[in-house]
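*Asks:* Build the 3D model from these lines:
(one chain, ligands or ions: 2)
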Amino acid sequence: MTIRVGIMGYGNLGRGVECALKQNPDMELTAVFTRRDPGSVKILTEGVNVYPAKDAKDLADQVDVLILCGGSATDLPEQTPEYAKYFNVVDSFDTHAKIPEHFAAVDKAAREAGNTAVISAGWDPGMFSLNRLYGSAVLPDGKDYTFWGRGVSQGHSDAIRRIAGVKDARQYTIPVESALEAIRSGETPELTTRQKHTRECFVVAGEGADKAAIEKEIVTMPNYFADYDTTVHFISQEEMERDHRSLPHGGFVIRSGKTGWDLEHNHVIEYSLKLDSNPEFTSSVIVACARAAYRMKQEGMTGCKTILDLPPAYLSSKSGEELRKELL
Ligand SMILES: NC(=O)C1=CN([C@@H]2O[C@H](COP(=O)(O)OP(=O)(O)OC[C@H]3O[C@@H](n4cnc5c(N)ncnc54)[C@H](OP(=O)(O)O)[C@@H]3O)[C@@H](O)[C@H]2O)C=CC1
Ligand SMILES: N[C@@H](C[C@H]1CC(C(=O)O)=NO1)C(=O)O
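*Replies:* Ligands and ions are numbered 1, 2, ... in the order given. Presented below is the predicted three-dimensional model:
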């Protein structure tokens, strides 16, 4: 019995989920939904139809888990609570400051419908969140640091694309080298958001768009850019397609902590990612979380979860017996 997966929203993440499902034979794609004209959306999986998003709830009996691949800036706050009424859902919501309110809205909808929802699946939030939890649980006397990049943040790129007059955008996150060196040398400084990363944006503006207004909206955008030193470059669509086609990213979480009666012993935990494709890696995490959501629903564990609430074994396609044989 395969787990039947639907995709809501066909962009970088939607294509990534479609691809990731091919690497998970216990799961299959059964439907793709889009707010655009379905005829304009070409998917790569034969035998699967593209439907209008407005028809999704009528096809709920064909989907065990609906994976929401919309943007966190404006799509997911509406879509995840709405579709949790009809489906088990997974999303990648990554506006960190708004995760508590998103969780509450999705939890209300999922509980009322008896569905299971997983929000904020991916790598940050997601795998990095898990490693921050492991680090602080194991080394309570310590500090952790998270660094991203240099790479393309999909959330920040999506947020810029939502600005009136913007045709396309990529945002690169760049770690501040001096901060990196201090942490790697074992120092544990207090660093402000601005002292850890800068952000560089490449934007294609529409014909006649007000570039000064676009730049101002970017650099002052709360939760995304306001707390960072941000630069904005306006380029042509040709330059965008020539110089910014790939979506690499990565980063690491470091936890340094002390043990011993006099806290005399130092320990460092590091978890790092080097990603050729941010969307494909993120989608692979999301697909594993969709498997866990399905299993939790089968066991009556409904309502909203984050990756921190998922039993690790439920992420794997292997049975408990196989995992105990191979991984313990
Ligand atoms: N937690 C994490 O670690 C991560 C989270 N993310 C999140 O994933 C979100 C989605 O990122 P990403 O997939 O790159 O965003 P995209 O901009 O590629 O897609 C977002 C939505 O826009 C619509 N869309 C896509 N292409 C077009 C187009 N050509 N014209 C019009 N509409 C289009 C699609 O909806 P429709 O088909 O309905 O039109 C799609 O679902 C990000 O906002 C980010 O928050 C991303 C990476 C990591
Ligand atoms: N959510 C991020 C994933 C990581 C990357 C990131 C950043 O560069 O600011 N923050 O978290 C994304 O959308 O790519």
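
*Asks:* Can you name the residues of the stretch 201-328 of the chain that neighbour ligand 2?
*Replies:* By C-beta under 6 Å from any ligand atom, the residues of the stretch 201-328 of the chain that approach ligand 2 are 249, 278. Placement of C-beta: from N, CA and C, glycine included.

*Asks:* Any regions of the stretch 201-328 of the chain where pLDDT drops low?
*Replies:* Within the stretch 201-328 of the chain, not a single segment meets pLDDT under 70.

*Asks:* where along it do the strands fall?
*Replies:* Under the criterion DSSP state E, counting those that start in this stretch, strands of the stretch 201-328 of the chain are mapped to 229-234, 249-259, 265-275, 303-305.

*Asks:* mind putting these in JSON lines, distance to residue 176 and mean neighbour count included?
*Replies:* Shown next, in JSON lines, are these (distance: least, C-beta to C-beta, whole Å; neighbours: other C-beta atoms under 10 Å):
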{"stretch": "strand 229-234", "distance to residue 176": "9", "mean neighbour count": "16"}
{"stretch": "strand 249-259", "distance to residue 176": "13", "mean neighbour count": "20"}
{"stretch": "strand 265-275", "distance to residue 176": "17", "mean neighbour count": "14"}
{"stretch": "strand 303-305", "distance to residue 176": "34", "mean neighbour count": "23"}
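
*Asks:* Let me have those strands in a markdown table, extended by distance to residue 169.
*Replies:* Shown next, in a markdown table, are the strands of the stretch 201-328 of the chain (distance: least, C-beta to C-beta, whole Å):
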| stretch | distance to residue 169 |
| --- | --- |
| strand 229-234 | 9 |
| strand 249-259 | 15 |
| strand 265-275 | 19 |
| strand 303-305 | 30 |
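
*Asks:* Hmm, residue 50 is touching residue 30, no?
*Replies:* No: between residue 50 and residue 30 there is no contact under C-beta atoms under 8 Å: 11.8 Å.

*Asks:* list the residues that contact both of these two?
*Replies:* Here residue 50 and residue 30 have no joint contacts, going by C-beta atoms under 8 Å, 6 or more residues apart in numbering.
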